[in-house]
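**Student:** I'd like to go over a predicted model; first the sequence, then the structure.
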Amino acid sequence: MSDPDFSTFETWRRGRQFEDFTVGQHFDHHWGRTITAGDATLFSSLALRYSPLYVNAEYAKEEGHPDLVVDPMLVLATVIGLSVEDLSEIGGPFLGVNDVEFDAPVYPGDTITCRSEVVDTRESESRPNTGIVTWRTVAHNQHGEVVVRYQRTNLVAKRRGGGA
Amino acid sequence: MKLTSANNYFEDFHVGQRIRHARGTTIDEVENQLLTKLVMNSAQGHWNEHAMEGTPYGKRLVFGFITASMVIGLATQDTAENAIKEISLDKIRFRRPVFHGDTVYAYTEVLDTVDADAGGIVTFKHWGVNQREEIVFEGERRVLLKRRP
């Protein structure tokens, strides 16, 4: 049997483009993520987050927490990560992230899920092949408490002639 | 046992104070590849070198929130070692791309200080600057800090 011609295989595409977004649309982002103590300690250590709350469980307990506190930058980066396929995987850098509020603390073993709503779509005057989309994202833990919320704006490639 | 510094409680910060943090860090593949995948960012522009060869960037980009985390990380010992809670971020901007091998340094200015029941809230403005002294990241951050014991 000869090897197949891979150029004939159909690509199952991922991600959305500018025309796919309308104001008011909601996305429940895929998978969720249980954040383990290993995730938390790895991230805090590699990112130089030198504060004992994030790396010393006994210190965090003395401060009134049940365990070490998961670095909020890990929580935020994870929520952004889970939202990428729905919102921004196809071309277009961040224009800004605003109003990031860290609400309930996250502890090792907590499971984060998140969803976003489209709050604005507009044309880019300087880059006609792209548009500008703003979303509001909210993430919850397994108890239904909000752990982080924010608003972000990206350039998003248009379907025709797009690409950033 | 005393685990934190004595010079970075709420009372140690005043509006207009400017801090150059002591250390910089080179962001290599180990940081961007490991952490970007750890947080399940599915945009392959951060981790597929071959796909990026055909783009204007020509190579993999560091995920912005890895840059943000490391710049805030470089500032964390000075600004959150005695934190009760990191409250919020705002006005996050990524002003230039960061690539594997770039080195970032962190600079901070104190924008505001407000008393709070449990301590005090300091608003910091942070900048991340690369080895060519170009700003790659900026953003504001509010931290609830302990008062001096």
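**Tutor:** Thanks, I have it.

**Student:** any residue of the lengthiest helix in chain B up close to chain A?
**Tutor:** Longest helix in chain B, counting residues (DSSP state H): helix B:64-80. Yes: counting by C-beta under 8 Å from any C-beta of the partner chain, chain A has neighbours in helix B:64-80: B:G64, B:F65, B:I66, B:A68, B:S69, B:M70, B:I72, B:G73, B:L74, B:T76, B:Q77, B:A80. Heads up, the C-betas are built off the backbone N, CA and C, glycines and all.

**Student:** and stretch B:36-48, which residues are buried?
**Tutor:** Residues B:T36, B:L38, B:V39, B:M40, B:N41, B:S42, B:A43, B:G45, B:H46, B:W47 are the ones in stretch B:36-48 that count as buried (16 or more other C-beta atoms under 10 Å in any protein chain shown).

**Student:** Can you lay out those as TSV showing secondary structure?
**Tutor:** Formatted as TSV, the buried residues of stretch B:36-48 follow (DSSP: H, G, I helix; E, B strand; the rest coil):
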residue	secondary structure
B:T36	helix
B:L38	helix
B:V39	coil
B:M40	coil
B:N41	coil
B:S42	coil
B:A43	coil
B:G45	helix
B:H46	helix
B:W47	coil
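
**Student:** between these, which is nearest A:F94?
**Tutor:** Distance to A:F94 across the buried residues of stretch B:36-48 (C-beta to C-beta) is lowest for B:A43, with 11.0 Å.

**Student:** what is the mean pLDDT for whichever strand or helix holds A:S44?
**Tutor:** Using DSSP states H and E, A:S44 sits in helix A:37-46. Across helix A:37-46, the average pLDDT comes to 98.

**Student:** could you point out which element follows that helix?
**Tutor:** helix A:52-55.

**Student:** For that next one, give me every contacting residue.
**Tutor:** Residues outside helix A:52-55 that contact it (C-beta atoms under 8 Å, 6 or more residues apart in numbering or on different chains) are A:40-41, A:44-45, A:49, A:59-60, A:63, A:65, A:68-71, B:3-4, B:81, B:83.

**Student:** Three-state assignment for A:V156, please.
**Tutor:** Classification of A:V156 using three-state DSSP returns strand.

**Student:** Identify the single longest strand in chain B, thanks.
**Tutor:** In chain B, taking DSSP state E as the definition, the longest strand is strand B:102-115.

**Student:** Many thanks, I have nothing further to ask.
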